[in-house]
Structures are given as C-alpha cells and as structure tokens.
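# sequence plus the predicted model coming up.
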Amino acid sequence: MANDNYVLEAREICKSFSGVKVLDHAGLTVLPGEVHALMGENGAGKSTLMKIIMGIYTKDSGSIVMNGQEVEFKGPSDALYAGISMIHQELSPIPEMTVAENIFLGREKRKIKGLPFMDRKAVNSSTMELLERYEMAEYIKPTMKMKTLNIAQIQMVEIIKAVSYDSKILIMDEPTSSLSDKESEVLFKIIENLRSQQVGIIYISHRMAEVFQISDRISVLRDGNFIGCVETESASHQKLINMMVGRELERGYPQNTAEKGEVVLELKDMCSEGVFENFNLSVRSGEILGLAGLVGAGRSEVMQALVGYDPLDSGEIYLEGEKIEIHHPSDAIKNHIIIASEDRKELGLVFGRSIRENVALQNLEQVSTASFLNKPLEKKLCNSYAKEMTIKMNSIEEDIGSLSGGNQQKAVLAKSLMSKPKVLIMDEPTRGIDVGAKSTIYNIMIDLAKQGIAIIMISSELPELIGMADRILVMSGGKIMGELTDKKEFSQHKILSMAFGGVLNES
Ligand SMILES: Nc1ncnc2c1ncn2[C@@H]1O[C@H](COP(=O)(O)OP(=O)(O)OP(=O)(O)O)[C@@H](O)[C@H]1O
Ligand SMILES: [Mg+2]
C-alpha cells in the first residue's frame, strides 16, 4: 500500500544464501519520528533484512524505497550518504583512534557540513557540538581513545556518527544486549531526542519490556516471512510471542530441584590490582550461583582471570578440595572449569571456521580415540550438541560467522557443554537469545545442575538472575558487596542497592 509519509519502505524482499531462503517476501515501513521495533526468533532474518537495506548484502528481489523513490545502494557508505545508518549487533571500533576521528573517519575527501578535510581542531569541535546537541557530552569527550570506552559509550559514538550524516533513519540491531539497565535508560533518552528530531528508528531487540516501553509499532518476522505489524499500544506480550514463535510458551523459570552436594570450587582472596580484590567464593555441586552487579563491576574480569585469560596477582583456587594452579586457559579446561563467554568474538568463537571446528576446538580429548582425532565421533558429538542447543543451521560444516547472532551464542554454549564441565561459568548466557530459546537454555541449566555441575551465572537481566540462581553474590567496583542466600528474599531492589554500595533508599 502506498503511503506518502513513509521515509523508508522495504518491499517484498527475498534473499537466499547458497540456495537456502532466509528472507521470503519480507518487508517493513518506517515513518519519520517513529520507533519501529523488529522482532523474531534467532535466525528469523532480522539482521539480514537490515543489511540488505544498508547495501551490505544484495537482495535477490524486491525493492527499497526512500520517500517514494526506489533506491539501490552498493554499500553502506551509499546508504549513509542517503541518510540511513546502522548500529550493528557486533561493534568493531578502531581502538587507537579518538572519538572524533572515529566519527569523521573516511570523510576526509567528502565535504560534510562545511568540513572540507580532516582538521583535528575542527573535527573535535564539530564532535563536541554534536555531543552537546544530543546530550551525550557528560558521557564522552571528542579526544577520548576508542579503546578506553565501554560498550555503551561506543554505541554513543556510533549514534553521533549516524546523526552527523544527518541520518533520517537509524537502525539499531540489539543495542541494549550488552548494556546494564542504567545504561539502557541513557540510550532510551537519546532515542527520545532523535525521535523528536524526526529520525525514524528501526529497533531490533529480544527484550519484550523495552520494546513495549519505547516503540510505536512492532513488526514480526518468522523464518524469513513477514508475519505482521501491530501498533504497540494495542499489542500484548502473548500476542507477540504467538506471532514470533507460532505457539504458546511456558511461562516463568524452571525450579532448580537438584540436590546441593559438596563444594566443587573455592576461590580464596583472588586479587588483580585495579580490577578486583579479596574475591572469595565457593560453589557446590548442583548449585546455581548468581553474580550480580552493574556493567564494569568486575564480574567478567574475575571469571576470566579464574579461567586463565587474565593474570592473577594473588589468590588460591581449590577444585574438589585440592589446590590447583591455572596460568593458561588450557589449565582451566584440563580441570573442567569451563567458561561460556558473552564475548563470542574475542574469547568464544573463531570466525571463518566451521561450526564443527569451533565446537570441537577445545574438546580434542572428547573427540579422540587413542590420541587420534576420531572424525565420525567428532561429527556425531557436534551434531548432538548443536541439536540440543537448537542451533539453526544447514550443517555443522557451515562457517560459524554465517550464523545469526543468537545462534552463535548457542554455539558457544554447545562448545562449553562438550567440555564436560565440573564448574560451568555462564557469562550473559542469554544475551541476544530469543524468548523460546531462552527457556531451552534455562532447562539445560537445571539438567546440568542435576548432573552435579556447579554453575556460576553472570547476568545483567535481573529477573533472569533472580529466577534461576539459588544464591546471589553482588559485586561493585571489583569487590563483593553482599550475598543473598534465601531465594524468597531475592529482589531487584536489594540487588541494586548492594550494587550501588547501599546508597539506594528503600522506596
Ligand atoms: N553471510 C551469511 N551466509 C550464510 N547464511 C547467512 C549469512 N548471514 C545470515 N545467514 C543465515 O540467515 C538466517 C537469518 O540470519 P539473521 O542474522 O538475519 O537472523 P536474526 O533474525 O538477525 O537472528 P538473531 O536474533 O539471532 O540475531 C540464519 O539462518 C543465518 O544462518
Ligand atoms: Mg541478528
């Protein structure tokens, strides 16, 4: 249907990758100043549709229309100059550059807003103006190096970059998946500001609550098909889940009825100067221990030091009562202390390699007989773990980089399970995971606990942590601020007030 008001229309888009159809007459419309949420299960085709709009992938058929005119982008810079920008699911900034350099990167030759070339002073002051106009100046400065920024700040840089091109459309692919609640609130304010300046926003997220909080309309894709578009005001959670999944889902969190056994892992006085100090923890078999805290509290840092990715200044590690040394990631794997990392690119996965290779990589012991690689066994095991995790793929020989974001996360978990953990550390295990697959992961956690595995779970989604953990440690500034041991006593308020160092008043 023609509507002159749309700034952007994607019509009847079809796309196949090596013969497999991932978009089947899918589309979307965007009005100026609206937040249009795009939802759907992992692998539904959301990111692919956005990459087609941006000219990163070529479509097989269909059309992209801006302000009533059909457009054809050869790459993201064409889209950018036409007024569409995208903040990707995986950000990759250039670490040595400053904020301002990053924003004006590649524009040395093209004239932008009266800036003929890369003049450091001019670039810095233009950046500062933009930061002020969009109320981000208190969070970032033009001269900060990109490598010193956290994810929330890197996103702000991307947003500023987008608005500096006078973008009329901003695509955000899971912008909050690695933000804490507080940082998300900052992002929502920025989105409000953009909305008031008539920017149309396409917002991809698996978080139902925030979609309801910020969107005007919601479109749903399922298996590459456009299922429908609803006004947020008239939509319900249940209706959306039905549109996404095509069936009813169990509600709530499964209960951990596993028997709690002996202490499996004990950490004593772990220190890493300037990162964390006097970190003590013990976790029993069958127990799910939650680690809560704001982003930057040191939770991932402690766990990465435990499994040998980062050095420890001091501290002792006991596994089943025996002191062990971990100086390298392979020491942790040998001891069956396994981390499933949130950072799938850095610690988790090797892009360009197959799913099979990635899953088997740290598990050679499991897939070898008499120290020879047993290929049929490797295939069989990989297939069964991939199936257990419901990874959406054509075959385990596929490049892991071609999986959708959520399915990559499932592959990280498959790899960890194959390592036969005694202690399994799950760092943001459901980051970017759709509603249906989340409950699969929760059930797997309970199964693992019943097998006697001790689980340490880091999650920024407090409802999930409260729902799944038997006990919660709260960290702030690299220290443990408190412990909640009685499940009936868990509350978001208690956790947050500990995370803020007890400064939150009872309300
Ligand atoms: N470059 C590629 N090569 C081959 N297949 C691909 C490629 N990119 C995506 N796919 C496939 O297309 C399908 C849709 O992926 P897409 O990334 O669009 O999903 P998504 O809806 O963004 O999922 P998620 O919520 O997990 O991010 C998936 O099955 C994925 O494996
Ligand atoms: Mg995606």
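Happy to help now that I have it. Note that the structure is predicted; figures quoted are calculated from it, not measured. Ligands and ions are numbered 1, 2, ... in the order given.
# from here on, contacts and neighbour counts on C-alpha atoms
Noted.
# neighbours around the residue in the chain positioned nearest to ligand 2, how many?
Of all residues in the chain, residue 47 sits closest to ligand 2, at 4.2 Å by Cα to the ion. If you count neighbours by other Cα atoms under 10 Å, residue 47 ends up with 21.
# ok, and what's touching the helix or strand encompassing it?
Using DSSP states H and E, residue 47 maps to helix 46-53. The contact list for helix 46-53 (Cα atoms under 8 Å, 6 or more residues apart in numbering) reads 10, 13, 23, 26-27, 38-40, 57-59, 64, 73, 79, 171, 173, 204, 221, 404.
# so for whatever helix or strand comes next after it, what's the average pLDDT?
Per DSSP H and E, the first helix or strand lying C-terminal to helix 46-53 is strand 61-66. Computed over strand 61-66, the mean pLDDT rounds to 96.
# run through who's touching strand 61-66.
6-15, 25, 53, 70-72.
# most surrounded residue in those residues?
Among those, residue 53 has the most neighbours (other Cα under 10 Å), with 29 neighbours.
# A helix includes residue 339, no?
No: checked against DSSP: H, G, I helix; E, B strand; the rest coil, residue 339 lies outside a helix; its state is strand.
# what stretches of the stretch 401-507 of the chain score poorly on pLDDT?
Along the stretch 401-507 of the chain, the model assigns pLDDT under 70 to residues 502-507.
# same check on the stretch 1-150 of the chain?
Segments of the stretch 1-150 of the chain classed as low confidence (criterion: pLDDT under 70) are 1-4, 89-92, 106-118.
# which bits of the stretch 1-150 of the chain sit near ligand 2?
Counting by Cα under 5 Å from the ion, the positions of the stretch 1-150 of the chain adjacent to ligand 2 are residue 47.
# show me where the stretch 1-150 of the chain has its strands.
All strands of the stretch 1-150 of the chain, identified by DSSP state E, counting those that start in this stretch, fall at 8-17, 20-30, 35-39, 61-66, 69-71, 84-87.
# just name the most buried of those strands.
strand 35-39 (a mean of 26; mean count of other Cα atoms under 10 Å).
# need the residues of this protein near ligand 2, please.
So far as Cα under 5 Å from the ion goes, the chain lies against ligand 2 at 47, 405.
# if we go to 8 Å?
For the chain, the residues in contact with ligand 2 (Cα under 8 Å from the ion) are 42-43, 45-48, 89, 173-174, 204, 404-406, 432.
# what residues does this protein have near ligand 1?
With Cα under 6 Å from any ligand atom as the criterion, the chain comes near ligand 1 at residues 17, 22, 41-48, 392-393, 402-407.
# of those, buried ones?
For these, a neighbour count by 16 or more other Cα atoms under 10 Å gives the buried set as 22, 41-48, 392-393, 403-407.
# which member of those is positioned nearest residue 469?
Nearest to residue 469 among those: residue 406, at 22.4 Å, using Cα to Cα.
# quickly find the element holding that closest one.
helix 405-418.
# which residues touch that helix?
By Cα under 8 Å, 6+ apart, helix 405-418 touches 42-43, 89, 338-342, 344, 348-349, 355, 358-360, 362-363, 366, 381, 385-386, 388-392, 400-401, 424, 429-434.
# report the buried residues of it.
Applying a neighbour-count criterion of 16+ other Cα under 10 Å, one finds 405-418 buried in helix 405-418.
# what's the answer for stretch 73-93, then?
Using 16+ other Cα under 10 Å as the test for burial, stretch 73-93 gives 73, 75-80, 82-89, 93.
# for stretch 209-222, same thing?
So, applying 16+ other Cα under 10 Å, buried residues of stretch 209-222: 211, 212, 214, 215, 216, 217, 218, 219, 220, 221, 222.
# and the residues you listed, which two are furthest apart?
Greatest spatial distance among the buried residues of stretch 209-222 (Cα to Cα): 214 and 222, at 22.0 Å.
# before we move on, back to that, out of the contacts of strand 61-66, which one sits closest to residue 285?
residue 15 (47.2 Å).
# residue furthest from the geometric center of this protein?
Farthest-out residue of the chain from its mean C-alpha position, per Cα atoms, centre = their mean: residue 370, at 39.1 Å.
# so who does it touch?
Here residue 370 is in contact with no residue (Cα under 8 Å, 6+ apart).
# ditto for the one 4 residues further on
Contacts of residue 374 were listed using Cα under 8 Å, 6+ apart, and they are 367, 368.
# please save the CA atoms from the helix holding residue 406 in PDB.
The C-alpha trace of helix 405-418 is given here as PDB (Å, rounded to 0.1, in the frame of the first residue of the first chain):
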ATOM      1  CA  GLY A 405      23.800 -13.600  16.400                       C
ATOM      2  CA  GLY A 406      21.700 -15.600  18.800                       C
ATOM      3  CA  ASN A 407      22.700 -18.900  17.100                       C
ATOM      4  CA  GLN A 408      26.400 -18.000  17.600                       C
ATOM      5  CA  GLN A 409      25.700 -17.600  21.300                       C
ATOM      6  CA  LYS A 410      24.100 -21.100  21.300                       C
ATOM      7  CA  ALA A 411      27.200 -22.500  19.700                       C
ATOM      8  CA  VAL A 412      29.300 -21.000  22.500                       C
ATOM      9  CA  LEU A 413      27.200 -23.000  24.900                       C
ATOM     10  CA  ALA A 414      27.400 -26.100  22.800                       C
ATOM     11  CA  LYS A 415      31.200 -25.900  22.900                       C
ATOM     12  CA  SER A 416      31.200 -25.500  26.700                       C
ATOM     13  CA  LEU A 417      28.900 -28.400  27.300                       C
ATOM     14  CA  MET A 418      31.100 -30.700  25.200                       C
END
